[in-house]
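J.: this one's sequence-less:
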Ligand SMILES: O=c1[nH]cnc2c(O)cc(-c3ccc(F)cc3)cc12
Ligand SMILES: [Mg+2]
């Protein structure tokens with residue numbers, strides 16, 4: 001097929017979601033990915049955990065690692081008060097462009113930074129006139145979770161900053177999980193859940209491998 005999966009998701013959002021209505025954008029992505037083709041958005045089940053943590057944290061400065069199509073970006077931005085700033089880092093320029101259009105369709109304003117987190121995180125302090133991040137959502141590539149957290153610890157986090165990471169057990173980021181659970185710098189909490197778009201009613205296509213594992 002000529003288009004990429006993110007572009008097909010974008011086209012579905014543009015076709016069925018109400019412009020300026022973030023919830024309808026989220027619902028459009030979720031219905032497409034549960035019925036037509038699976039995609040690695042955080043999804044609605046884990047998205048409810050994300051919502052709860054954002055609402056409890058009430059962050060002013062937010063960083064997201066891994067934008068993909070912008071689903072979790074919309075999820076977070078729709079809950080932020082006016083004046084709050086959300087920055088999202090995406091390595092893949094095609095993903096970043098799709099995300100910009102999905103976020104725009106939701107009527108939200110987010111800064112998408114295109115590049116590798118390990119290059120961009122050390123530049124954030126200088127580039128953005130912000131002090132510290134109040135909330136960080138980590139959802140990019142499992143092998144980078146721990147390295148990037150340690151980069152954030154160099155002066156972009158404060159006592160009370162909250163980090164929330166997707167996929168720490170599936171596909172898994174064991175070094176990150178061990179670090180957060182043993183470091184005296186953090187209190188860690190584990191939210192059991194299920195991989196996105198698994199409880200399947202529709203006949204949608206699953207990702208490459210047959211997901212028969214019972215994941216939490
Ligand atoms: O690579 C990923 N980045 C961010 N989030 C992900 C995510 O939520 C799920 C998966 C994933 C999980 C199972 C599988 F069979 C294939 C891919 C990958 C990522
Ligand atoms: Mg994920």
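T.: In hand now; what should we look at? Not measured: the values here are computed from a predicted model. Ligands and ions are numbered 1, 2, ... in the order given.

J.: ok now do residue 77, which residues does it touch?
T.: When contacts are counted by Cβ atoms under 8 Å, 6 or more residues apart in numbering, residue 77 touches 22, 86, 103, 106, 108-110. (Each C-beta comes from the backbone N, C-alpha and C, glycine too.)

J.: Now restrict those residues to buried residues only.
T.: Buried members of these, scored by 16 or more other Cβ atoms under 10 Å, are 22, 86, 103, 106, 108, 110.

J.: what's near enough to touch residue 93?
T.: By Cβ under 8 Å, 6+ apart, residue 93 lies in contact with residue 114.

J.: what's the spacing between it and residue 67?
T.: 11 Å (Cβ to Cβ, to the nearest Å).

J.: Leaving aside the residues adjacent along the chain, what's closest to the closest residue to ligand 1 within the chain?
T.: Sorted by distance to ligand 1 under Cβ to the nearest ligand atom, the residues of the chain start with residue 40, at 3.9 Å. Ranked by Cβ to Cβ, 6 or more residues apart in numbering and with sequence neighbours excluded, the top spatial neighbour of residue 40 is residue 68, at 6.3 Å.

J.: What number of residues are in the vicinity of the one you found?
T.: Using other Cβ atoms under 10 Å, the number of residues around residue 68 comes to 25.

J.: Verify the stated contact: it with residue 6.
T.: Yes. Assessed by Cβ atoms under 8 Å, residue 68 is found in contact with residue 6 at 7.1 Å.

J.: And the residue of this structure closest to ligand 2?
T.: residue 166 (3.6 Å; Cβ to the ion).

J.: residues in contact with that residue?
T.: Shown in contact with residue 166 (Cβ under 8 Å, 6+ apart): 42, 46, 72, 137-139.

J.: Repeat the analysis, applying 6 Å as the threshold.
T.: Counting by Cβ atoms under 6 Å, 6 or more residues apart in numbering, residue 166 touches 42, 139.

J.: quick one: the residue nearest to residue 144 when sequence neighbours are not counted and residue 138, what's the gap?
T.: In this structure, residue 144 finds its nearest non-sequential neighbour in residue 117, 6.0 Å apart by Cβ to Cβ, 6+ apart. For residue 117, the distance to residue 138 (Cβ to Cβ) stands at 9 Å.
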